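*Asks:* following is a predicted model, sequence given first.
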Amino acid sequence: MSSNLNDLNPYVKHLANKFLDECNKQNLPVKIYFTFRTIAEQDELYAQGRTKSGKVVTNAKGGQSYHNYGLAFDAAPLVNGDIDWNNETLFNKMGQIGQSVGLEWGGSWKSFKDTPHFQWSRGISIIDLQRGRRPTYPTGFDNNQSDSSKPQDIKQLLSIGIKDVKVFQEIVSITPDGILGPKTDSAISIISKKTLCKKGSTGINVRYIQYKVGGKLTGIFDDATLNLVKAWQSNKKLTSDGIVGDLTWKSFFDS
């Protein structure tokens, strides 16, 4: 998970900087500790307190959080340089500052209050985002340094070692329209889970593997795929057993 403001939507980054400046003016030290999350990271967070140990901290699965689109960040007040998680007064002051600069604050929600959370969506819903829509910048906002043709969630693709949306869509047999819609998001999420694959496995995970090892994209883990995987593993100094587990998946994502 990222804490870099550069991973935010350009306008959200602008608001985040205004928020930090205003907190500083009001002598309230704060730290922005989460910005962008991949779908896989969101799924991991959702599992906390459910299928994994820990406290439930979100009701949003992968693709259902504004963090997954660079439209949200989490912040907390600092006392003597450390986050003070239990200081309700400071969290409330921080929330009021965030609202004053144009952010929606999770602490104002009626259900499942999320006091560290801030977001900006300009009325665009999660369903809209899943369908490829993105909020437009307010009139007068000058973003000379942004590339509006590259949505923030391209980082989801980069995290699995793919740089082009259309290329990925062709790999997983989705109509290559270049839009990060729900089908493409779902495919990214499936591959991000790093499901163990071996001879006899089928599906989009196998098509991705075949693309990475230079094989024919059949979606069937056959003998040809097995031999190519073994060669890849040998080249990466991994156990050459033809089974695609965590380390082999990581080598795909890193390449």
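*Replies:* Happy to help now that I have it.
*Asks:* V206 - that's part of a helix, no?
*Replies:* Yes - assigned with DSSP: H, G, I helix; E, B strand; the rest coil, V206 falls within a helix.
*Asks:* E44: neighbour count?
*Replies:* 16 (other CB atoms under 10 Å). Just so you know, the C-beta spots here come from the backbone N, C-alpha and C atoms, and that holds for glycine as well.
*Asks:* can you give me the helices for the stretch 101-250 of the chain?
*Replies:* In the stretch 101-250 of the chain, the helices defined using DSSP state H, counting those that start in this stretch lie at 126-130, 154-158, 165-171, 182-192, 204-213, 223-235, 246-254.
*Asks:* which among these is found nearest to S100?
*Replies:* Closest to S100 of those is helix 126-130 (CB to CB; 25.1 Å).
*Asks:* helices or strands next to that closest one in the packing?
*Replies:* Secondary-structure packing of helix 126-130 (3 or more CB pairs under 8 Å, 6 or more residues apart in numbering; DSSP states H and E): no helix or strand packs against it.
*Asks:* residues contacting W85?
*Replies:* By CB atoms under 8 Å, 6 or more residues apart in numbering, the contact set of W85 is A76.
*Asks:* please disregard the earlier target; I meant I124.
*Replies:* Taking CB under 8 Å, 6+ apart as the test, what I124 contacts is R133, R134, P135.
*Asks:* how far away is the last one from T58?
*Replies:* Distance, P135 to T58, using CB to CB, to the nearest Å: 21 Å.
*Asks:* buried stuff in stretch 232-248?
*Replies:* Judged by neighbour count using 16 or more other CB atoms under 10 Å, the buried positions of stretch 232-248 are W232, Q233, L238, G242, I243, V244, G245, T248.
*Asks:* ends of that stretch, how far apart?
*Replies:* The first residue of stretch 232-248 is 9 Å away from its last residue (CA to CA, to the nearest Å).
*Asks:* what's I83 sitting at in phi/psi?
*Replies:* phi -70, psi 130 (degrees, to the nearest 10).
*Asks:* state the helix or strand in which the nearest residue to it once chain neighbours are set aside lies.
*Replies:* Using CB to CB, 6 or more residues apart in numbering and skipping residues adjacent in sequence, the residue nearest I83 is A76, 4.4 Å away. Using DSSP states H and E, A76 maps to strand 72-79.
*Asks:* now for that strand, which elements pack on it?
*Replies:* Against strand 72-79 (3+ CB pairs under 8 Å, 6+ apart) you get helix 10-25, strand 30-34, helix 88-100, strand 117-119.
*Asks:* what comes into contact with the worst-scoring helix or strand of the chain on mean pLDDT?
*Replies:* Lowest on mean pLDDT, DSSP states H and E among the helices and strands of the chain sits helix 154-158, with a mean of 76. Helix 154-158 is contacted by residues 7, 36, 38-39, 68, 70, 163-165, 168, 180, 185, 188, 192 when judged by CB under 8 Å, 6+ apart.
*Asks:* now list the buried members of the residues you listed.
*Replies:* Buried among the contacts of helix 154-158 by 16+ other CB under 10 Å: D7, F36, T38, I39, N68, G70, V165, F168, L180, D185, I188, S192.
*Asks:* tell me the contacts of the third one?
*Replies:* Applying CB under 8 Å, 6+ apart, we find T38 in contact with G62, N68, K155, Q156, S159, S192.
*Asks:* what's around the fourth one, how many residues?
*Replies:* Spelled out, it's Q156. 30.
*Asks:* for F118, name its beta-bridge partners.
*Replies:* Beta bridges link F118 to F73, W105 when assigned by DSSP bridges.
*Asks:* mind checking pLDDT for it?
*Replies:* Listed pLDDT for F118 reads 98.
*Asks:* that'll do, ta.
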